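S.K.: Below is the sequence, then the predicted model.
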Amino acid sequence: MRIGVTGSGGKLGRATVERLRSDGHDVVGFDLAGTAGPGFTRVDLTDFGQVLDAFGSVTARHDGLDALVHLAAIPVNGLVPDAATFQNNMTVSFNALFAAHRVGIRRIVLASSITAMGFPFHEAPPSLPVDETYTSANNTYGLGKVAEEAIAAQLVGWHPDASITALRFTNVVAEDEYATFERAGEPDYRRDLLGSWVDARDGALAVALALEAARPGYEVYNVAAPDSGCAAPSRELAARWFPGTPVADDLGEFESLMSTRRIRERLGFRAAYDWRS
């Protein structure tokens, strides 16, 4: 397939482009910054005209896309004022999704986030591990992700062949960022992430699997390493962080409190990287 990837210069974007190319796909990256040349076009994704034009065709780059991976966003709150985070990310995501619809791209994978399911979990979730049925936004970044998921769930119904998969990524860790796990034994390490994490290369695997398994309709999956990024057993973490919250009887010893059961069962996701090894 020829696949467009927005946010191709980001941490997850770079890993995704590398993974998709290694799988034999023709990949075109779209971002504000990147290396000029085949496989990349600089696009201001807040400009709908540029996005529509870029997705339709770009001379010397592509003459049409089979699929889109939308990863571009201001990645966290605090980099710019809160309203600017929401306005930028909503504009970029609407432009990407609607332009794809307009030019006939029917297979889309969209980056959502743990921030759409309660982050930073000042209030306890209804049960643990937290699965895809729970939606709650507590900051403007998360509010944007909830809104993006809602748009995707509606827009997918505008064409019978359309497929949109939202992947709720937790904190993405690059291969050179594992030093952070030196803190894994601290009592509140990664508490606001339910102890979860995912290697960027495994995040890219989730994208590849979602593209391969795409079927008409809307799907949402959590994406995290199956085991937590904490040294303590998961039941101990649950009792410390969320006393009284129901915990699944079959929770594994170090199983992530951000559930990955759905993506493992439906897409066959198996993470290759573990900070413990």
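M.R.: That came in fine, so what should we check first?
S.K.: Which parts of the stretch 151-277 of the chain are helices?
M.R.: 200-213, 234-241, 261-267 (DSSP state H, counting those that start in this stretch).
S.K.: do you know which of the ones you listed lies nearest Ala225?
M.R.: Nearest to Ala225 among the helices of the stretch 151-277 of the chain is helix 200-213 (6.6 Å), distances taken as CB to CB. C-beta here means a position set from N, CA and C on the backbone, and glycine is covered the same way.
S.K.: where does the stretch 1-150 of the chain dip in pLDDT?
M.R.: Scanning the stretch 1-150 of the chain for pLDDT under 70 picks out no residues.
S.K.: hey, where'd the strands end up in it?
M.R.: For the stretch 1-150 of the chain, the strands defined by DSSP state E, counting those that start in this stretch occupy 2-6, 26-31, 40-42, 67-70, 107-113.
S.K.: Turn those strands into JSON lines, including distance to Ser228 and mean neighbour count.
M.R.: JSON lines is the format used below for those (distance: least, CB to CB, whole Å; neighbours: other CB atoms under 10 Å):
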{"stretch": "strand 2-6", "distance to Ser228": "29", "mean neighbour count": "25"}
{"stretch": "strand 26-31", "distance to Ser228": "32", "mean neighbour count": "22"}
{"stretch": "strand 40-42", "distance to Ser228": "36", "mean neighbour count": "19"}
{"stretch": "strand 67-70", "distance to Ser228": "27", "mean neighbour count": "26"}
{"stretch": "strand 107-113", "distance to Ser228": "18", "mean neighbour count": "26"}
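S.K.: what's the residue nearest the centre of the chain in contact with, if anything?
M.R.: Closest residue to the average C-alpha location of the chain: Ala111 at 3.3 Å, with CA atoms, centre = their mean. Contact analysis of Ala111 by CB atoms under 8 Å, 6 or more residues apart in numbering lists 7, 12, 69-71, 73, 166-167, 169.
S.K.: How many residues are close by Trp120?
M.R.: Not Trp; residue 120 is Pro. Residues near Pro120, counting by other CB atoms under 10 Å, number 14.
S.K.: these two touch, right, it and Asn138?
M.R.: Yes: Pro120 is in contact with Asn138 according to CB atoms under 8 Å; the separation is 6.7 Å.
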